[in-house]
Structures are given as C-alpha cells and as structure tokens.
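**Student:** Coordinates only, no sequence provided:
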C-alpha cells in the first residue's frame, strides 16, 4: 500500500526515483529501485563522517585536533570559503560543518585526513557494496573523467539502520553522529510538508538534476528510515517537491 502511494506521487516522465522507507518498530517496508546505483551527491559524506569517527574511536585522530584551512583547500559550496584563510578548526568543527552545512571544503579536508581508501574499506566492511568514493567534492576534472561517487538506496538504508541500532562503530559513536545529523540546516525536502516539530536525523545531497534524502524520522507511532534518491530530474525544484511529497505520504501513513 505505501509503495503504491509513493509511486503515484512520482512523475517518472520528469525524473527517476529509488526509495526505501522502513518502520523500525514493526518492520513494515516499502521499496523501489533500491539497488539502482546512482551518483551519491553529498550522501557520500555519511561514510566520510563514520570513518572519521571510527579513527577517533581507535585513537588515531582526536576530535580536538586542529587543521589549518589554506587557500588551495577551499572549494565552492562551502561556508569556509567565506571565512579567513589560514584559520584553524578542530576535526569536530569540520565534521559538524560537513553534515550540518554540507560544507565541501570540510569534507575534502576530512577525506584527505582519513584517506579515501579507508572510507571505501569502511563501506565494504559495512556491506555497502555499491557505495564508492572516487573523487573529492567539486573535483570537476575527475567527474569529467568518469570518476563519480555512487551509492544505492539499499546501502544508505543499511547505514542508517546500523546507526539507529547503535551498531555503527559502537553505541556512543552512533549517538554522536545522530546528534550531528539532527542539526542539519537543509530542510527544503524531507521537512517540507510535515510538522515543524518532527525530529529528524538526516543528510541531503544535490547535484544538477539530482536530489537525495537519507534520514531517521522519530515518530511517536514508530520511528522510520527514509531514503529517497531522485536523479535525471527536469529541475531540482521538482525533485525537492517530490521528496517532500513522499516524506508527507510516509509520515501520514505511519501516523494512522
């Protein structure tokens, strides 16, 4: 029933879509195209965050380690580009900026610090077999050469479920990452048509013709996972609106 309601809300003449929505209380789930591998946009920042936190847990890094942001580090779509060069920030600052503001400069610095191969190893260990980090944020030359960051709805749902269960690294690490995700400032998709007071831990991602949302919705009648990937959209605004409509459908469905 939920799958049918969602599919009716998607205009497949204007976009492609994949989703997994799962009630974490009773296991009821709806999915479509969940194994379709698509450009991840900023959803790839979730495993970047997780591998950084894993290395903190192992003592290889510390959240209060300081990093100086140089002119050559700065890339578009980053609050750090608006701040003074040569300022230094803690790893905790960069993690927060990467998720809350989806800051691309912060993401690239963390990728360099923890290692692209280590991030991909983390995905393999988590059995996110179709998620791959192949380039840094805003590396247009790499993108033109065919190196693209990719994921699936299924992989993102697996990440979120392990996070929700407190099994992503360990319970303390999972709780720490969830609290950062609850503070995300991008609210033009999942939150568009649901009550303002709804608590969500989520990450969005966008590129031209692409809009994604992956999150945990805390609901009195049963928390649920929400992963919707939209690509080949005629416009990003239509993609955002569609995700907002799907979010409302899922929220209303689980509110019955």
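**Tutor:** It's in. Bear in mind the structure is a predicted one, so any value in this text is a computation, not a measurement.

**Student:** Is the spatially closest residue to residue 164 that is not a sequence neighbour within a helix or a strand, and which one?
**Tutor:** The spatially closest residue to residue 164, leaving aside those adjacent along the chain, is residue 216, at 5.4 Å (CB to CB, 6 or more residues apart in numbering). No exception for glycine: its C-beta is placed from N, CA and C like everyone else's. Element membership for residue 216 (DSSP states H and E) is strand 210-218.

**Student:** List the buried residues of that strand.
**Tutor:** Using 16 or more other CB atoms under 10 Å as the test for burial, strand 210-218 gives 210, 211, 212, 213, 214, 215, 216, 217, 218.

**Student:** Dump those residues to a markdown table, plus pLDDT and distance to residue 93.
**Tutor:** A markdown table is the format used below for the buried residues of strand 210-218 (pLDDT from 0 to 100; distance: CB to CB, whole Å):
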| residue | pLDDT | distance to residue 93 |
| --- | --- | --- |
| 210 | 97 | 28 |
| 211 | 98 | 27 |
| 212 | 98 | 25 |
| 213 | 98 | 25 |
| 214 | 98 | 23 |
| 215 | 98 | 23 |
| 216 | 98 | 24 |
| 217 | 98 | 27 |
| 218 | 97 | 26 |
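
**Student:** Please tell me how far the helix or strand bottoming out on mean pLDDT in the chain is from the chain's geometric centre.
**Tutor:** Lowest mean confidence among the helices and strands of the chain (mean pLDDT, DSSP states H and E): helix 140-144, at a mean of 86. Distance, stretch centre to chain centre, for helix 140-144: 21 Å (CA atoms, centre = their mean, to the nearest Å).

**Student:** Which helix or strand lies directly C-terminal to it?
**Tutor:** Following helix 140-144 toward the C-terminus (DSSP H and E): strand 150-151.

**Student:** which residues are contacting that following strand?
**Tutor:** Outside of strand 150-151, the residues within contact range by CB atoms under 8 Å, 6 or more residues apart in numbering are 37, 38, 39, 40, 43, 44, 128, 130, 131, 132, 134, 229.

**Student:** redo that, cut-off 6 Å
**Tutor:** Counting contacts by CB atoms under 6 Å, 6 or more residues apart in numbering, the residues outside strand 150-151 that touch it are 37, 40, 43, 131, 132.

**Student:** And stretch 126-141, by the same measure?
**Tutor:** Contacts of stretch 126-141 (CB under 6 Å, 6+ apart): 37, 44, 75-76, 104, 107-108, 111, 116, 119-120, 123, 142, 147-152, 155, 158.

**Student:** How about the most far-flung residue of the chain relative to its centre: what's its closest non-neighbour residue?
**Tutor:** Residue farthest from the centre of the chain, counting by CA atoms, centre = their mean, is residue 86 at 28.4 Å. Computed as CB to CB, 6+ apart, the closest residue to residue 86 that is not its neighbour in sequence is residue 68, at 6.0 Å.

**Student:** Spell out the residue ranges of the strands in the stretch 51-200 of the chain.
**Tutor:** In the stretch 51-200 of the chain, the strands defined using DSSP state E, counting those that start in this stretch lie at 66-68, 88-90, 150-151, 199-207.
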